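J.: Have a look at this prediction, sequence included:
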Protein chains: 2
Amino acid sequence: MSSSQPEDFSRIKFRLGDAVYEGIVMPRTLYEDKEHITVKLNNGYNIGLRLDEIEILEVGPPQRQQEVVAEEREIPSQGPRVLILGTGGTISSRVDYRTGAVKPAFTAAQIVDMVPELTRIASISVRTVMNELSENMQPSNWAVMAEEVYRAFEEGFEGVVIAHGTDTMHYSSAALSFAIENPRGPVVFVGLQRSSDRPSSDSATNLLGAVVFASRSGAPGVYVAMHEGLNDDLIAVHSGVRVRKNHTSRRDAFRSVNSRPVASVDVRNMEIHFKNETAKGAGPMRLLNRFSERSAIMKYHPGFSEVLLRTYFNRDVFDAIIVEGTGLGHIARKAFPFVKEFIAGGGFVGMTSQCIWGSVRLTVYETGRDLLSMGVVPLGDMLSEVALVKSMWALGNELDLREVMPRNLRGEISERREVE
Amino acid sequence: MSSSQPEDFSRIKFRLGDAVYEGIVMPRTLYEDKEHITVKLNNGYNIGLRLDEIEILEVGPPQRQQEVVAEEREIPSQGPRVLILGTGGTISSRVDYRTGAVKPAFTAAQIVDMVPELTRIASISVRTVMNELSENMQPSNWAVMAEEVYRAFEEGFEGVVIAHGTDTMHYSSAALSFAIENPRGPVVFVGLQRSSDRPSSDSATNLLGAVVFASRSGAPGVYVAMHEGLNDDLIAVHSGVRVRKNHTSRRDAFRSVNSRPVASVDVRNMEIHFKNETAKGAGPMRLLNRFSERSAIMKYHPGFSEVLLRTYFNRDVFDAIIVEGTGLGHIARKAFPFVKEFIAGGGFVGMTSQCIWGSVRLTVYETGRDLLSMGVVPLGDMLSEVALVKSMWALGNELDLREVMPRNLRGEISERREVE
């Protein structure tokens, strides 16, 4: 029954044992040999096959698209209108044969083709708005994404799904949380931890979960939908301002920190199980999508150079510094003069903790009290990444950071305040 | 039965119900009112009491020591000789009445007095070698600690316990892991998450667990001993190069990352349950305690300023930069020219991940392959904090960073190497 390798992205029909299947041939990766192929079946799952175990019955033309351009497509169907925005990243990546590395190449539309169940949940439209690996995403990209989401709701879409690389997805989800006040529906970021052409790809179920939540939750807000655990069927939906990528490669790498996930979507029956409250906004939708780059995270550590202190706490360069302090929110006393001068010059210094979990408290120890007296603002249990994005947003939109940073706007900080 | 408040640190005997107890009056904190006192009982536990519920039978003179000086004390007893080194931090902190904040003030000897069970486990000596809050610890402090540990083994101690503030304890434990090659016995860092004068203080059991492991494990190496969970009786012992403070305030804040804890100590029966292998060194003990400050952690984020890139990748200031990249170990392509020039100038760039869990891999994506081709060295599953300390140590001792950084020396990096 030996067969030769069909061309990548060709649609094939093949026999395995007594059954006949159809699917799309995925490109070989570095990790596969010439005796195997991976086929994306019509049900959305990848299957790894030995070529000599199957009989290829039909081979269609390759489905691959060479170049990604601003692309728009609608797949009319029943159900709520959901827009999938393609931004690049692994969810739309493929292997580069020259280097063996993964490059962004699939279009969002091609991904939808691979997950035909999507059309049974919602009426899907697809727009590719950029094609950027997530490590290259900058605040200017957040502004574009926010505008596209705003436009989608104006056009009458009921939910938006954003396919995004996972590296900086939590920075982008925080950015859109702040940039769109009172979104009319759910905005759900989704990525995958493995490239779409590897056998254990999780894009199909992630994307399904995201579309289910975007179309059926009735919960306006910005979220991240990713695998809840190693189980195939459960997708966790996290608040966009409480989530962090906490593992380099596991597909359940995204975790809610200092908060429970918002919901769990079971993709077997498309049911949503809420686990936490969602932020209820009232009032008209507003777009506030300017971001300043005059802010940075400063992760303090022992032996932290004075040259670095001078660069971070420099009013010519920065308007805000988010310190990732140690423990409850501390830095060495040698940093104090720099902090003091920066604040005296009108700069904002917000304190978070490199511990990640828990809340900063500056009233417990002498060091914290000294920092408070200089005007350092404790940021409770806000993640440093979220605090960075919020400060960039507040600066860009000319808000008063001392007022707005410690105040809860989108669920990013717990209400219980420090006893001062 | 109303009683007036006895003086802080006075030894009192009191009746509660039918029983009579003895202990030391702990100073009031901001969080306590005038109707309560906290007493450190002779068994080492703190108890919060309403003054009108107890009858004070005897009040002794205050046990408080005003000034901490280099102090040495021996408490002769049976069992292995263990040295407790006091360095400052919460484990030897008390409340400052002027500010209400916690300052370092107890001596290590006073703490041992509060935990008399210690003398049943080992023959304890105590030395206060510095009095520094852990957020102020610098590489020069690591050098002193390492020398004191080396000296202790030379003097015939079988184990060393280092009482240390928790904020930067994991940086210090990594530093001593590298600075002492083949220590003759266990070196166990211990801290506590709450100050010693608060009712739920965990110093007693932490210190017990540390002394048990230092005296009875027979496992040379550097460790951190802290509460395993919310249970009072179990103390987790972590490898000094695999541990991280992951919560600002929980007493089980310290967690092993990318590794299981080495052991669990049950302080009810003083038993040690090993859970992981310990590094077995062979050869004579060596002290390599020079640390360079020409290294820094650079946590990359979207919108990372070019001014910062120029400062970090500056050969006039730094010899090594540990990048905390996104995901599998990425940074935006705008950073590439700076990285390239720094490496061309003889600088070392090591890649870790801000995900914390998992391993960097630079062969998967195009960005990673570009970084590899520039000479960036992937540091596997090493924590960024450990990589920083290792680079400071390698620079200080004039080792070849490209050779030594990716190689496992003390269990800080998993042996499985990336397929290149």
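T.: On my side now, so go ahead.
J.: contacting residues for the spatially most central residue of chain A?
T.: Closest residue to the average C-alpha location of chain A: residue A:169 at 2.5 Å, with CA atoms, centre = their mean. Neighbouring residues of residue A:169 by CB atoms under 8 Å, 6 or more residues apart in numbering or on different chains: A:89, A:134, A:189, A:191, A:224, A:245, A:254. C-beta: built from backbone N, CA, C; applies to glycine.
J.: Can you list phi and psi of it for me?
T.: In terms of degrees, to the nearest 10, the main-chain angles of residue A:169 are phi -60, psi -40.
J.: how much space is there between it and residue B:325?
T.: 15 Å (CB to CB, to the nearest Å).
J.: Residue A:172 touches residue A:189, doesn't it?
T.: Yes - between residue A:172 and residue A:189 there is a contact under CB atoms under 8 Å: 6.6 Å.
J.: what sits in contact with each of those two?
T.: What both residue A:172 and residue A:189 touch, as defined by CB under 8 Å, 6+ apart, is the set A:162, A:164.
J.: Please, where are all the strands along the stretch 251-400 of chain A?
T.: Using DSSP state E, counting those that start in this stretch, the strands of the stretch 251-400 of chain A run over A:254-256, A:263-266, A:271-274, A:286-287, A:295-299, A:320-325, A:348-353, A:377-378.
J.: got the contact list for the residue in the stretch 101-250 of chain A that chain B sits nearest to?
T.: Chain B sits closest to residue A:248 of the stretch 101-250 of chain A, with a gap of 3.1 Å, by CB to the nearest CB. Neighbouring residues of residue A:248 by CB under 8 Å, 6+ apart: B:327-329, B:353, B:355, B:357-361.
J.: Okay, domains of chain A per the record?
T.: A:10-62, A:71-287, A:295-404 (automatic domain parsing).
J.: And the strands in the stretch 1-150 of chain A?
T.: For the stretch 1-150 of chain A, the strands defined by DSSP E, counting those that start in this stretch cover A:10-16, A:19-26, A:36-41, A:46-50, A:54-62, A:71-75, A:81-86, A:93-95, A:102-104, A:123-128.
J.: Tabulate those (TSV), appending distance to residue A:138, mean neighbour count and mean pLDDT.
T.: What follows is those, written out as TSV (distance: least, CB to CB, whole Å; neighbours: other CB atoms under 10 Å in any protein chain shown; pLDDT from 0 to 100):
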stretch	distance to residue A:138	mean neighbour count	mean pLDDT
strand A:10-16	37	17	88
strand A:19-26	31	18	84
strand A:36-41	32	21	77
strand A:46-50	32	17	76
strand A:54-62	34	14	85
strand A:71-75	22	15	62
strand A:81-86	17	26	92
strand A:93-95	19	24	51
strand A:102-104	16	24	50
strand A:123-128	18	22	86
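J.: Residue A:147 is nearest to which of those strands?
T.: Across those, residue A:147 has its closest neighbour in strand A:81-86 (10.8 Å, CB to CB).
J.: surely residue A:173 meets residue A:237?
T.: No - contact criterion CB under 8 Å: residue A:173 and residue A:237 do not qualify, at 11.2 Å.
J.: and for those two, which residues touch both?
T.: Both residue A:173 and residue A:237 are contacted by A:223-224, under the criterion CB under 8 Å, 6+ apart.
J.: Those two: who's more crowded?
T.: residue A:237 (34 against 29; other CB atoms under 10 Å in any protein chain shown).
J.: Now name the helix or strand holding that one.
T.: Assigned by DSSP states H and E, residue A:237 belongs to strand A:234-239.
J.: buried sites along that strand?
T.: A:234-239 (16 or more other CB atoms under 10 Å in any protein chain shown).
J.: what's the answer for stretch A:360-373, then?
T.: Buried residues in stretch A:360-373 (16+ other CB under 10 Å): A:360-372.
J.: Kindly report the same for stretch A:325-342.
T.: A:325-332, A:335-336, A:338-340, A:342.
J.: First-to-last residue distance for that stretch?
T.: 17 Å (CA to CA, to the nearest Å).
J.: Check whether it comes near chain B.
T.: Yes - using CB under 8 Å from any CB of the partner chain, stretch A:325-342 reaches chain B at A:325-334.
J.: These: which two are farthest apart?
T.: A:328 and A:334 (18.8 Å).
J.: So which of the strands of the stretch 1-150 of chain A is nearest chain B?
T.: Closest approach to chain B among the strands of the stretch 1-150 of chain A (CB to the nearest CB): strand A:102-104, 5.0 Å.
J.: picking that back up, tell me which of the domains of chain A approaches residue B:52 most closely.
T.: Across the domains of chain A, residue B:52 has its closest neighbour in domain A:295-404 (28.6 Å, CB to CB).
J.: what's near enough to touch whichever residue of the stretch 251-400 of chain A sits closest to chain B?
T.: Nearest residue of the stretch 251-400 of chain A to chain B (CB to the nearest CB) works out as residue A:358 at 3.1 Å. Taking CB under 8 Å, 6+ apart as the contact definition, residue A:358 lies against A:258, A:328, A:381, B:247-250, B:253.
J.: between these, which has the most around it?
T.: residue B:248 (27 neighbours).
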